[in-house]
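> give me coordinates for this.
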Amino acid sequence: MPRPRSPHWFTLGLVFSILLTSLYFAVFLPVLNSVPTWPNLLGVLLIFFVISQLIALGGFFGLRLYPPLATVGLFLGLVFFRITLGKSSGGFEDIAGFLSFFVITALGFATGLAAELANYLVKSLKKGKN
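Okay, here's the model as predicted:
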């Protein structure tokens, strides 16, 4: 991982968003059984770009536990979204899967921030004892 305050974090975020968009369409195109339009493609790229840059921003500010945990939450959200779309959808399953993707991704972000806070508290308590 790049060092804190390194601009390479944002380059990594850009590359990660392009990889996520490619993964998304590679996995979801067979399920959706349609060719994405340019607005759909750009919309998905924008969503993954914002999420990837939020992860990169945490790494830029020196958080070491947040980026991997947020990434795990993101991938778990995508897996759950894929599982939801794999069932016969009557219209509401795809919306529920999309919302679940965002909720699970947010839980990954929250878990990463909670782990960073716990790490900070443990370090400050150890420093206070010395």
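> just how off-centre is stretch 31-42 within its chain?
In terms of C-alpha atoms, centre = their mean, to the nearest Å, the gap separating the centre of stretch 31-42 from the centre of its chain is 20 Å.
> same deal with stretch 114-122?
Here stretch 114-122 is found 20 Å from its chain centre; the criterion is C-alpha atoms, centre = their mean.
> go through it and flag the buried ones.
By neighbour count on 16 or more other C-beta atoms under 10 Å, the buried set for stretch 114-122 is A115, E116. The C-beta positions use only the backbone N, C-alpha and C, and glycine is treated the same way.
> CA atoms only: put that stretch into PDB for me.
Extracted as PDB, the C-alpha positions of stretch 114-122 are listed here (Å, rounded to 0.1, in the frame of the first residue of the first chain):
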ATOM      1  CA  ALA A 114     -14.600   1.400  14.100                       C
ATOM      2  CA  ALA A 115     -11.400  -0.700  13.700                       C
ATOM      3  CA  GLU A 116      -9.400   2.400  13.200                       C
ATOM      4  CA  LEU A 117     -11.000   4.000  16.300                       C
ATOM      5  CA  ALA A 118     -10.300   0.900  18.400                       C
ATOM      6  CA  ASN A 119      -6.700   0.800  17.200                       C
ATOM      7  CA  TYR A 120      -6.300   4.500  18.000                       C
ATOM      8  CA  LEU A 121      -7.700   4.000  21.500                       C
ATOM      9  CA  VAL A 122      -5.500   1.000  22.200                       C
END
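> same question for that stretch, mean pLDDT?
In this model, stretch 114-122 carries a mean pLDDT of 96.
> grab the nearest non-local neighbour of F25.
Excluding the flanking residues, the one nearest F25 by C-beta to C-beta, 6 or more residues apart in numbering is P36, at 6.5 Å.
> any idea how far that neighbour is from F92?
P36 sits 21 Å away from F92, taking C-beta to C-beta, to the nearest Å as the criterion.
> figure out how far the strand or helix carrying A110 is from the centre of its chain.
When secondary structure is defined by DSSP states H and E, A110 falls within helix 92-129. The gap between the average C-alpha position of helix 92-129 and the chain average comes to 11 Å, counting by C-alpha atoms, centre = their mean.
> got a list of what the spatially most central residue of the chain touches?
With the centre of the chain defined as its mean C-alpha position, the nearest residue by C-alpha atoms, centre = their mean is L74, 3.4 Å away. Contact partners of L74, counting by C-beta atoms under 8 Å, 6 or more residues apart in numbering, are L20, I51, I55, T105, G108.
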